[in-house]
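A.B. asks: here are the coordinates; sequence isn't available:
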């Protein structure tokens, strides 16, 4: 059996290694148009910032190491330009020499990946404009910084790569601005959860221009002028374009292979395309979102590796299926971590799901053990059936552990309130007896069973203007004095029973504390005494995080040219 693999990196390289483990006699050829076959794609920004110091560390396998261990014929700088499915052969161009040849196959695996999205915009071909997708891209940026010594940079796009580039360019000594079309950074997060990211970036000197579209890049004296659709200009010595990726499927389209969402390659659960003996894996394929069941394109290394393995299994006579991805992702930003899995509340609501969420601010481990840090968790669930839809966490230590537990719970099909039942490891340096994931389950159970009703941040402004409401802050007088929401009356929770006559029974009571716990206790006291009350989700801490995030996300320079970016 002869198997040709188009593209390496995660999907193609995983398929090649699995094929060899299953079939020692197969002839395996991998054709990769770049100069590197298997590399740490997610580690590329950290070479630019200096966290990774050796260029060799970016390369996981070389053509020589692949041959030595797996006897795979790896040909770099060999680009497949056409697929001839009827004849079962591909046309290949050697990029170094221009020579064109054809290669036959019994089975073909397409792993072409995705390419950086490049809009139709003037100035993108300037030598000071970069994208980051391959090792070559990384080396080009690294060389430009070393030789040209730029002082300012604009990153267009506030997704994962854009933020990692902003962080690492800052670490390399540049003054950085981020221009983002949406109203917040990191699309997997809801706007409220992204507020902490906004504040963090501002703290580290990164300027944010949100709700801003870039219209052109114009050379101006010795800098590039980044022009926005609303007439602003930002000066930069270099620009990094990071507005997303597009499935690189031109050869599949030319071959008549069925395409799907965003031009991705349609595959079944066995990773088979619409043409016989042709499989596809990785960032170029359409997959099923595990939570929604809808077609999706999720360009992440984890799914790509699994898909490569599954394709190899099926080529070798097995029956493996890819059952969908849920977009579990995590990012380090300076000293902070942000992570998400499943779908967020914005997506759920936009797709007609009757959803709700709980907001909690637990410590990373037992509060009495030194060194714990607070994280912010948002867990989204379906109110009609209790289905766990997704989660977002922003914080410091312990974020990765909790997001992985929640991702596993989604994959296992646990109901949201069943998080309370998880038996998780506990010792004071690592967690609390009631782990934050358990606490989320307790809170969701209270909502689903009607023990408490919630009021969210986006509802507060409108609701508090209504005449038939009473606003109650249950923190201590000292906390209240340090900062509170205008209009809230301070009655500490421990004095509530004795001062209940100060609260009118004919009004709806909106209750707030620092994190949501004391206000929940207050709601239980009040509801059992005949009051109609709502607990403010996340408490004053969350309210303050959002308002601070909004302030830092305003335009740094509302008009004219910012000469210092």
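C.D. replies: That came through fine. Because the structure is a prediction, the values reported are computed rather than measured.

A.B. asks: Distance check, residue 408 against residue 415.
C.D. replies: The span separating residue 408 from residue 415 equals 14 Å under the rule Cβ to Cβ, to the nearest Å. Using the backbone N, CA and C atoms, a C-beta is placed for each residue, glycine as well.

A.B. asks: Comparing those two, which shows the higher neighbour count?
C.D. replies: Looking at residue 408 and residue 415 with other Cβ atoms under 10 Å, you find the greater number of neighbours at residue 415, namely 19 against 14.

A.B. asks: Hmm, that one is touching residue 388, no?
C.D. replies: Yes: here residue 415 lies in contact with residue 388, judged by Cβ atoms under 8 Å, at a distance of 6.5 Å.

A.B. asks: Any stretches of the stretch 1-150 of the chain with poor pLDDT?
C.D. replies: Residues of the stretch 1-150 of the chain that meet the criterion pLDDT under 70 lie in 40.

A.B. asks: 50 - rerun?
C.D. replies: Low-confidence segments of the stretch 1-150 of the chain, defined by pLDDT under 50: none present.

A.B. asks: do the same with the stretch 451-565 of the chain
C.D. replies: Residues of the stretch 451-565 of the chain meeting the criterion pLDDT under 50: 555-565.

A.B. asks: which stretches of it form helices?
C.D. replies: Across the stretch 451-565 of the chain, reading from the start of the chain, the helices by DSSP state H, counting those that start in this stretch fall at 457-463, 477-482, 517-527, 539-552.

A.B. asks: out of those helices, deepest packed?
C.D. replies: Sort those by mean neighbour count, taking mean count of other Cβ atoms under 10 Å, and helix 517-527 sits at the top with a mean of 21.

A.B. asks: For that helix, which helices and strands make contact with it?
C.D. replies: Under the contact criterion of 3 or more Cβ pairs under 8 Å, 6 or more residues apart in numbering; DSSP states H and E, the helices and strands touching helix 517-527 comprise strand 508-512, strand 533-536.

A.B. asks: quick revisit: nearest to residue 187, out of the helices of the stretch 451-565 of the chain?
C.D. replies: Within these, the stretch nearest residue 187 is helix 539-552; the backing value is 15.6 Å (Cβ to Cβ).

A.B. asks: Any chance you could list what contacts the closest one?
C.D. replies: Helix 539-552 has contacts (Cβ atoms under 8 Å, 6 or more residues apart in numbering) with 192, 194-199, 201-202, 208, 359, 361, 374, 376, 457, 460, 473, 475, 479, 483-485, 512-517, 519, 536.

A.B. asks: one step back: now mean neighbour count and distance to residue 493 too, for the helices and strands packed on helix 517-527, in TSV please.
C.D. replies: As requested, the helices and strands packed on helix 517-527 are arranged in TSV below (neighbours: other Cβ atoms under 10 Å; distance: least, Cβ to Cβ, whole Å):
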stretch	mean neighbour count	distance to residue 493
strand 508-512	25	9
strand 533-536	26	12
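
A.B. asks: Take the ones you listed and write them to a markdown table, including distance to residue 436.
C.D. replies: Supplementary listing: those in a markdown table, determined by distance: least, Cβ to Cβ, whole Å:
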| stretch | distance to residue 436 |
| --- | --- |
| strand 508-512 | 21 |
| strand 533-536 | 18 |
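
A.B. asks: And those: which comes nearest residue 402?
C.D. replies: Shortest separation from residue 402 across those is recorded for strand 533-536, at 22.0 Å, computed as Cβ to Cβ.
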